[in-house]
Structures are given as structure tokens and as C-alpha cells.
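> Build me a model:
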Amino acid sequence: MRFRAAVLRSYEGPFTVEEVTLRAAPAVGEILVEIAGCGMCRTDLAVRRSAGRSPLPAVLGHEGAGVVVATGGGPDTTIGVGDHVVLSFDSCGHCHNCLGGAPAYCDSFASLNLFGGRAEDPAALTDTAGRALAPRWFGQSSFAQYALLAARNAVRVDPALPVELLGPLGCGFLTGAGAVLNTFAVGPGDTLLVLGAGGVGLAAVMAATAAGALTVAVDRHPGRLALAERYGALALPAGSAGLPERIRKLTDGGARYALDTTAAPALINDALLSLRPTGSLGLVARLPAALSLEPGTLDRGRCIRHICAGDAVPSLLIPRLTGLWQSGRFPFDELIRTYPLADINEAERDCTEGRVVKPVLIPERTHN
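Numbering: from 1, shown residues only. Sure thing, here's the model as predicted:
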């Protein structure tokens, strides 16, 4: 089967939209999805800075959504042809953490998602010269017209929903909202500090507002702060003098929870100093270097941890988020700007330069 996909061939070069060939029909436990839309996530773009750990050439993309066009069946496959699905991260399904309801901490998470698949997995795609492309990225490689993936990666959604916009619910929006609703389990009366008002941070703000929490958002871009205020947060510019003191004043003695999406050491230290006693800080961005903490930041029971994929079970959280959207309490669609797949390099530039919160790429559809 041949179709169009965006291929990244070098760490410094542009994406090229070209014809690729799928190796085979879905095997048992797999499905083939025609992609209606795929979000562009900074994790995709971080491949450029991976120092060769992510093999190229590759088809990236891991916030896909679309319609199932073929299935390999199998006793554990409940998704069928014609179903509308959101694609999320890959997991093995049988390790201790997967069986314990924590698939984001799967023992094989790195090999299945971040580094192009396991050595024993055959290449799913080849280019027109017959050369293999790297194994599927996050189990899907959805910067393409089609994606082949394990059925367990897909979450069935209501076909009345705008499927072309739902892909970011599988990663970026899932991560921000999941940190608030799952990790912190915020409720009325809680206080939350969000550092960085990009897609993940704004999803956290929306989720916290829906849960009845008071939220303070910090960012260096006035436009992002205006969006945070629109979705219910109090806004403070990053770099403000006395930032921890200002946050403690706004939150009546300190925030109970803080979520950092920036990986900026200065802001992480400010966040810890902004917490009340026994407060918790969650990090969702990978730290680029060693983190130095100022004296006193972890005093009085404060703690810090990394949060992967919002501690989510996608099949549980994605329907919850679409339900909140339908009730007008999680307007994630307002953060999206769509681009044809052919304009992927423009979308990357706009994302990198902060002109768009969440780009979503729309491949040309071949089925009605």
C-alpha cells in the first residue's frame, strides 16, 4: 500500500512529503487508520536535538486521529472498521506497570515510543527506493495519510466529534489535563501554579478551571498569558521581581500544586518556593541538564517528581476530556490551527516561533 507521508531525513533538514510503502496488512492485534489530523508536539521536534538517539530517516507524528480502514482482528481487538479513534502512546500491556493501570510507565516505554521501536520489530514503511524508514514513532508515525499501530494504542470516540481535531488529546492535552485530574486530583478550593502557557500548560489551566481550582499561570509571552486568563487563570509574567512572593500572595500562602512545562531551572526553583508546606511540583518536560536547587526549596515537606503522559490511562481520560469539551468546559479546539500536511515545515516554524499553540496537520483524505 502506497501513500503520502512527511519524512524527516536529517536532524537539520526540512521534512519532505513523499510517497512511502506500507510493508503489509495489519497483523493480529493491529489496525490501519486513515489519519484525519495529527497534532505537532514538541516531542516530535525534539528529535532534531536527540544526538542521533532517534534513528533517521523516519516518519514522526504521535498525536494522530482518524478512521479505522482495516484490522487484523484477534481476541483482544474490539475496534472495528469504520470506528473513529484517537491514537496515543504505545505500551506493552503485560509488564508490572501496565497491569497496574500505569501504561505511561511501561517497562518498554522508551523502546516502544522514543527510539523508533524495538529491534525485533520489522520496519513498517519503506521509501520509493525500497529503503527502510525507522520503526513507527510512538507506535504510530502519524505525519502521514495512514498509520499502522497496535489496537491497544487506539481509543474509540464518538463519530459525531470533529475527529480531525482530536489527535492532541492523545499526548499534549492529555499530559496537561492528566497531571491536574490524575496526578494532583485537584478539586474545588485547591490552588495550582502552571509554568508555561503552551499547549500542555493551557490544557492544565482548562482542566483546573473545570475542576474548580484557583490557578496562577506564568509565561514570558503576553499573548499566552492572555489565553491563560481567558481560560480562568490569574496571569503573571515570567521574570517578575519577587515572583514566589507574588504567587504566595495570590494563593493565600502558597500553591498546593505546581506544574512545570518549561524545564527552566530558574522557574522550577521559583515554583518550589511558591508552594505551601507539603506542596507538590510536577515536571513534564525532559530536563536538558543537571538541575540545581536553591537552599530551602524542598523544606517543609515540599516534593518534586516527573509526570509522564499525565499519569493517564488513555481509554479512560480521553473520553473524559471529550465529555468536558462537549459541555463547554475544555475548549481545546480554540488552541488549534490546522495546516495541510504539505505545509508541515511552515507549521514547525510557527510552532517553534510561538505563533501557534497547537498545529494540527491535515493529510489529504483518500476515503469518504
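> so how far is Ala123 from Pro55?
As for Pro55, its distance to Ala123 is 10 Å (criterion: CB to CB, to the nearest Å). In short, each C-beta sits where N, CA and C put it, glycine included.
> For the stretch 101-250 of the chain, which segments count as strands?
Using DSSP state E, counting those that start in this stretch, the strands of the stretch 101-250 of the chain run over residues 125-127, 146-150, 154-157, 191-195, 214-219, 234-237.
> follow-up on the earlier one: anything in contact with each of Pro55 and Ala123?
Shared contacts of Pro55 and Ala123, defined by CB atoms under 8 Å, 6 or more residues apart in numbering, comprise Ala134.
> Could you name the helices and strands sitting against the helix or strand of the chain with the lowest mean pLDDT?
One helix or strand of the chain scores below all others by mean pLDDT, DSSP states H and E: helix 42-45, with a mean of 90. Judged by 3 or more CB pairs under 8 Å, 6 or more residues apart in numbering; DSSP states H and E, helix 42-45 is in contact with helix 344-352.
> and the helix or strand following the helix it packs on, what does it pack onto?
Next helix or strand after helix 344-352 toward the C-terminus (DSSP states H and E): strand 358-362. Counting contacts by 3+ CB pairs under 8 Å, 6+ apart, strand 358-362 is packed against strand 30-39, strand 336-340, helix 344-352.
> Tell me which strands the longest one pairs with, and in which orientation.
For strand 30-39, sheet partners with direction are given as strand 63-71 (antiparallel), strand 146-150 (antiparallel), strand 358-362 (antiparallel), following DSSP bridges.
> Mean pLDDT lowest where, among those?
Here the lowest mean pLDDT among the strands paired with strand 30-39 goes to strand 146-150, at a mean of 94.
> For that strand, which outside residues touch it?
Strand 146-150 has contacts (CB under 8 Å, 6+ apart) with 1, 3, 22, 26, 29-35, 61, 64, 66, 69, 87, 90, 124, 136, 139-141.
> starting at the chain centroid, how far to that strand?
Between the centre of strand 146-150 and the centre of its chain there are 18 Å (CA atoms, centre = their mean, to the nearest Å).
> could I get that strand in CSV with only the CA atoms?
Extracted in CSV, the C-alpha atoms of strand 146-150 (Å, rounded to 0.1, in the frame of the first residue of the first chain):
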residue,chain,number,x,y,z
TYR,A,146,-2.2,6.3,7.2
ALA,A,147,-0.8,4.8,10.3
LEU,A,148,-0.4,1.1,11.3
LEU,A,149,-0.5,0.5,15.0
ALA,A,150,-1.4,-1.8,17.8
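> Just the buried residues of it, please?
146-150 (16 or more other CB atoms under 10 Å).
> now swap in stretch 99-111 and tell me
Result for stretch 99-111 [16+ other CB under 10 Å]: buried residues 102-104, 106, 108-109, 111.
> Run through who's touching that stretch.
89-93, 95-98, 112, 117-118, 308-314.
> ok, of those, which come out buried?
89-92, 95, 97-98, 112, 117, 308-314.
> For Val17, state which of the residues you listed is nearest.
Gly117 (22.2 Å; CB to CB).
> Give me the distance between Ile247 and Glu348.
Ile247 sits 33 Å away from Glu348, going by CB to CB.
> which residues touch Ala132?
Applying CB under 8 Å, 6+ apart, we find Ala132 in contact with 123, 125-126.
> and which of these is nearest Glu12?
Glu12 has its nearest neighbour among these in Leu125, at 22.0 Å by CB to CB.
> Could you list the low-pLDDT ranges of the chain?
51-52, 115-122, 367-368 (pLDDT under 70).
> Helices of that one, residue ranges please.
Counting by DSSP state H, one finds helices in the chain at the ranges 42-45, 96-99, 109, 172-178, 199-211, 222-230, 243-250, 265-274, 314-326, 344-352.
> Mind putting those helices into TSV with distance to Arg9?
Putting the helices of the chain into TSV (distance: least, CB to CB, whole Å) gives the following:
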stretch	distance to Arg9
helix 42-45	15
helix 96-99	34
helix 109	26
helix 172-178	25
helix 199-211	26
helix 222-230	32
helix 243-250	43
helix 265-274	34
helix 314-326	30
helix 344-352	13
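> what's the most buried one of the ones you listed?
Highest mean neighbour count among the helices of the chain (mean count of other CB atoms under 10 Å): helix 172-178, with a mean of 30.
> next one: that helix to chain centre, how far?
Using CA atoms, centre = their mean, the offset of helix 172-178 from its chain centre is 6 Å.
> before we move on, what about stretch 73-86?
Stretch 73-86 has its C-alpha centroid displaced from the chain centroid by 22 Å (CA atoms, centre = their mean).
> Between the two ends of that stretch, how far is it?
Taking CA to CA, to the nearest Å, stretch 73-86 runs 18 Å from one end to the other.
> Can you list the buried residues in it?
77, 79, 83-86.
> Got a quick PyMOL command for the buried subset of the contacts of Ala132?
Selection of buried members from the contacts of Ala132 for PyMOL, criterion 16+ other CB under 10 Å:
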select buried, resi 125
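> Generate JSON lines for the contacts of Ala132, with distance to Gly328 as supplementary columns.
Putting these into JSON lines (distance: CB to CB, whole Å) gives the following:
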{"residue": "Ala123", "distance to Gly328": "44"}
{"residue": "Leu125", "distance to Gly328": "40"}
{"residue": "Thr126", "distance to Gly328": "45"}
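> ok, the contacts of Ala132 vs Leu259, which is closest?
Distance to Leu259, by CB to CB, is smallest for Leu125 among the contacts of Ala132, at 35.6 Å.
> doesn't Leu22 make contact with the closest one?
Yes: at 6.2 Å, Leu125 counts as touching Leu22 under the criterion of CB atoms under 8 Å.
> Distance from stretch 250-257 to the middle of the chain?
Centroid separation between stretch 250-257 and its chain, computed with CA atoms, centre = their mean, is 27 Å.
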